[in-house]
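Need a 3D model of the sequence below.
(chains A and B)
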Amino acid sequence: MKTGIVVFPGTWSDRDCAHALLEVLGEPVRFVDYRERDLGDLNLVILPGGFSYGDYLRCGAIARFTPVMNAVADFANRGGLVLGICNGFQILQEARLLPGALLRNASCEFRCEWVQLRVEQSDCAFTVDCRPGQVLRIPISHGEGNFFADPHTLESLEANGQIVFRYCTADGRITPEANPNGSLRNIAGVANARGNVLGLMPHPERACEPLLGGDDGLAIFRSAIHALNRVAV
Amino acid sequence: MAAVIDRFALAAVALSADEYRAIVAALGRDPSELELGMFGALWSEHCSYKTSKALLRQLPTEGPHVLQGPGENAGAVDIGDGLAVVFKIESHNHPSAIEPYQGAATGVGGILRDVFAMGARPIAILDALRFGPLEQGRNRHLFQGVVAGIGGYGNCFGCPTVGGEVYFDPAYSDNPIVNAMCVGLVEHDRLRRARADRSGDLVLLVGADTGRDGIHGATFASVEMDERSAARRPAVQVGNPFLEKLLCEACLRLNQLDGVTAIQDLGAAGLTSAAAELAHRGRRGIDIDVARISRREREMSAYDVMLSESQERMLVVVRPEAETAARQIFDHFELHADRVGSITSTGRIRVRDEGAVVADIPLKVLVDGVPARSPASEVPDKQPSLGMPSIEEPEAVLLDLMARPNLRSRRPIFRTYDHQVQDNTVWGPGFDAALLRVPGTTKGLALTTDGNPWYVALDPYEGTKAAVAEAARNIVCSGARPLAVTNCLNFGNPERPFVFGQLQESVRGLADACRAFELPVVSGNVSLYNETSERNIPPTPVIGMVGLLDDLALRCPAGFQEDGDLVFLLGDTSEELAGSEYWRLIGARPEGRPPIVSLEMERRLQAALLDSIGRGVLRCAHDVSDGGLLVALAESALFSGRGLRCPGITSPVSREAFYFGESQGRVIVSVAPRRVPELQKLMAKHHVPLHAIGVVGGEDFQVGSDIRISLESLRQAWETPF
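Sure, this is the predicted structure:
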């Protein structure tokens, strides 16, 4: 597997994602500059977290116009695996590769803390190693992660099984208290209809080593690796 | 005095008539308006340390691990594996009092630049904050703005905010303390000094364009504030953390390039200070052409350009043949760079504007020539210790204490800070010390800031000693060995004898404690004139400390770990309540003798702890500090959600002092029952008193017949929102 990690001006979890993949999982990675127009032989592309272009104007609104995003869209349309984490999720929405919008947190504050996610779908490429209902403990770190979509879109997301993660309690219940940012229906991560593009607000790359508080995030990266290997076979 | 200069012109640059005469004598002529402005900035207290310099000479600054002591952008200490830890703390009190969000944000921005100017990647931010009570709207405005500003800058930049402290006291109303510490890592051979020592090198100004913001910020930080201070709002700068992120990545890449002589950030006193210090450290001169500097506004004068404190700017000095390679790096990050001058052999700073020389000053005079000030001082009398008020209901007192703004959980604050980015945070905020992994090794760095303002107010010497002791104790509780100190000395107006006396005593305490613990002071900052409308802040030294843990596997947490573990108190308790949170809770007057640190006892305690933790004897260790023993025990219980049962405790001191006194040199530890004999032996070996306290377990926090509270009630009190 070859993973590309896209670096926009202001991206900062590029190095964290590389650490998780390379140091923890032993997977080769390559940084992809936002000016690149060709993704070459990559088979997984990660849009990491950060504050691309300072999040000025609107999160992700400027990054979506960079040359690399055309290549990412082509790659996604060809069925390539794309993972957007936090700011990467916001950029994928701005680029219309994922549905919905991410509004300011209901608390109106930035939140950095561990949360629990319930895996809603295990047939997405990024959750094939999980079982439905499994609870993952992964941190969030954002000011604008409040998932919003119109009722029609929400219904179609539910019907198509595109809601991959919801914020939940430690025992897997979906409650208002478990929702850290006011997201509609506790939505933490959604996929496109084809299931090859996933965006989520939590940072799985921060949850890959027990030393740093937990390694539930590995399930997401390992799933992608296994999904790709399965295709290759 | 020269006829062209009147006292109003001097007041505008905050120079005295004597200082003006010294300038005229050194130049052999009257300074131009620009030159006077440059002197005003570099001879300000903030830049020149003219009042504190003589005192600071007492501080130990050397040690076998010190790679860089004070005098550079930040200090640097060896941590093995060819790596150095680079760190410094700095104040941004005055700007934050006027515009809290931008004041705090640019404080973080400034200290980040200090660290990456040394070639180090910033890996952590800590903040020491002091505010007036939040019941007053103005204080709440300052508090919310400062916290949002710290988060706003650090989160966007991508450096985790992993620790710090916040205290509230009426004495800080309208004059908040905002100190930011930054810690970075660099390979030894890439550690960079901001020293331009080669004539003919080119000087590049990189990053933001220069605007009128912050003109005379350094001067403004060196005078007391009054009702007119709000009118100085244009002197506060606005931060752009996105640009700083690009600047940081560019500087780190530049640092790998041959032919880069020096990197210097533009902070207080802007280009004037950066250019002058850079050239003077290298014993060279510098020519600057202000006409070549990109500006944000039209019609800016040379004066505006030289004294602007626009943020996110760096000076980069390169050999002529390296300019192209340097520019390729700037282009990669879409950064703008102007070639603004060159390094000369003249020993002078010469400023040109459209060909005309508008300033020409010997650097020795500008940087080092300020006459030292030695104001009158009045050392406060030692206060007698006072009698003890007695308590009727320890349980109610404990709950009240846990909910006090000075003791309650800081989670509502630190969860607005990204404390995990960069994937090194083993323990973030909320514990004795933050613990970070050193990437690529099994080592950890323990980081803390400390400074109990009430002890210092009662006795600046003892209080500052206690701050150093507590910082070291916090580091040691995690299992790490203290390495070195940075400090920020926040005081009032030193022209008042009692304030200068506080400063003298505080520095003496800092020096004595650092010597006793063999800790070099490698960087620091002095913030004086924290006075608003004739009200001075309490003396507020803040100690930043860095420790090294050789093997993260041996780290020692602060919370109880296993039911059935036995809890002990290490160290003795004295009849000390003055200066404690309990003292303030019961409304006692702020007088008496604060807890006194025995440096000898403290050394033994810390050696014993490191010995025990290194042998894996301890399951947890937590410093007994603000709030006293019961608060420390309650915290250890709440950290891990495990209760505690203590049989009736007998103590030679009063129940009040034992439960709520803040005697120094004490730590609570928990151990598995089978390892108790080992603990006893180790404590006997180090001559540290050991007192049995109780057993971990259950849902309650129970102390003899005095206290029985559910953990849930305790948590509710502790988690009272701000």
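
doesn't B:M306 fall inside a helix?
Yes: residue state for B:M306 (DSSP: H, G, I helix; E, B strand; the rest coil) corresponds to a helix.

How many residues are close by the residue of the stretch 501-650 of chain B found nearest chain A?
Using Cβ to the nearest Cβ, the closest approach of the stretch 501-650 of chain B to chain A is made by B:L552 at 6.5 Å. (Glycine included, C-beta is placed from N, CA and C.) Look at B:L552: counted by other Cβ atoms under 10 Å in any protein chain shown, it has 19 neighbours.

What sits closest to it if chain neighbours are left out?
The shortest distance from B:L552 to any non-neighbouring residue, by Cβ to Cβ, 6 or more residues apart in numbering or on different chains, is to B:G444 (4.5 Å).

I'd say that neighbour and B:L548 touch.
Yes: using Cβ atoms under 8 Å, B:G444 is in contact with B:L548, at 7.5 Å.

quick one, which of those two is more surrounded?
Set B:G444 next to B:L548 and count neighbours by other Cβ under 10 Å: B:G444 wins out with 28 against 21.

List the contacts of the more buried one.
B:G444 is in contact with B:V426, B:L435, B:L436, B:R437, B:V438, B:S478, B:A480, B:L548, B:L549, B:L552, B:R555, counting by Cβ atoms under 8 Å, 6 or more residues apart in numbering or on different chains.

repeat for A:E36
A:E36 sits next to A:P67, A:V68, A:A71 when contact means Cβ under 8 Å, 6+ apart.

Of these, which are in range of chain B?
Filtering these for proximity to chain B by Cβ under 8 Å from any Cβ of the partner chain leaves nothing.

how about the strands in chain A?
Using DSSP state E, the strands of chain A run over A:3-7, A:29-33, A:44-47, A:81-85, A:101-103, A:111-119, A:135-142, A:146-148, A:163-168, A:187-191, A:197-200.

residues making contact with the top helix by length along chain A?
Taking DSSP state H as the criterion, chain A has its longest helix at helix A:218-232. Contact with helix A:218-232 is made by A:1, A:20-21, A:24-25, A:27, A:43-44, A:81, A:83, A:124-130, A:134, A:136, A:204-205, A:207-208, as judged by Cβ under 8 Å, 6+ apart.

likewise stretch B:186-193?
By Cβ under 8 Å, 6+ apart, stretch B:186-193 touches B:67-68, B:72, B:76, B:78, B:82-84, B:86, B:117-121, B:255-256, B:260, B:262-263, B:281.

Quote the end-to-end distance of it.
The first residue of stretch B:186-193 is 12 Å away from its last residue (Cα to Cα, to the nearest Å).

Pull out the buried residues from that stretch.
By 16 or more other Cβ atoms under 10 Å in any protein chain shown, the buried positions in stretch B:186-193 come out as B:V186, B:L191, B:R192, B:R193.

now that stretch, how far from the centre of its chain.
Offset of stretch B:186-193 from its chain centre (Cα atoms, centre = their mean, to the nearest Å): 22 Å.

Equivalent analysis for stretch A:98-106, please.
Distance of stretch A:98-106 from the chain centroid (Cα atoms, centre = their mean) equals 13 Å.

That stretch and chain B, are they touching?
No: remark: stretch A:98-106 sits outside contact range of chain B, by Cβ under 8 Å from any Cβ, the gap being at least 10.1 Å.

how long is that stretch end to end?
With Cα to Cα as the measure, what separates the two termini of stretch A:98-106 is 22 Å.

Isn't the residue of the stretch 501-650 of chain B closest to chain A up against A:L211?
Yes: with contact defined as Cβ under 8 Å, B:L552 reaches A:L211; the gap is 6.5 Å.

Tell me the residues that contact both of the two, please.
Jointly contacting B:L552 and A:L211 under the rule Cβ under 8 Å, 6+ apart are B:V426, B:R437.

so where's the chain shaky on pLDDT?
Going with chain A. Counting by pLDDT under 70, chain A has low-confidence residues at A:231-233.

wait, I meant chain B there
Counting by pLDDT under 70, the ranges of chain B that qualify are B:1-5, B:7, B:216-235, B:385-390.

which residue is nearest the middle of it?
The centroid of chain B falls nearest to B:I89 when counting by Cα atoms, centre = their mean (3.5 Å).

could you measure that residue against B:L629, distance?
Relative to B:L629, B:I89 is positioned 30 Å away (Cβ to Cβ, to the nearest Å).

Could you give me the buried positions within stretch A:136-154?
Within stretch A:136-154, the residues scored as buried using 16+ other Cβ under 10 Å are A:136-147, A:149, A:153-154.

swap in stretch A:85-97?
A:I85, A:C86, A:N87, A:G88, A:F89, A:Q90, A:I91, A:L92, A:Q93, A:E94, A:A95, A:L97.

Stretch A:7-23 too?
A:7-21.

Those residues: which ones sit near chain B?
Contacts with chain B are made by A:P9, A:G10, A:W12, A:S13, A:R15, A:D16, A:H19, A:A20 out of those, judged by Cβ under 8 Å from any Cβ.

What is the burial count for the nearest residue to the fifth one once chain neighbours are set aside?
Ranked by Cβ to Cβ, 6+ apart and with sequence neighbours excluded, the top spatial neighbour of A:R15 is B:Q422, at 7.0 Å. In terms of burial, B:Q422 registers 23 neighbours under the definition other Cβ under 10 Å.

Ok, B:E354 next?
A total of 9 residues lie near B:E354 under the criterion other Cβ under 10 Å.
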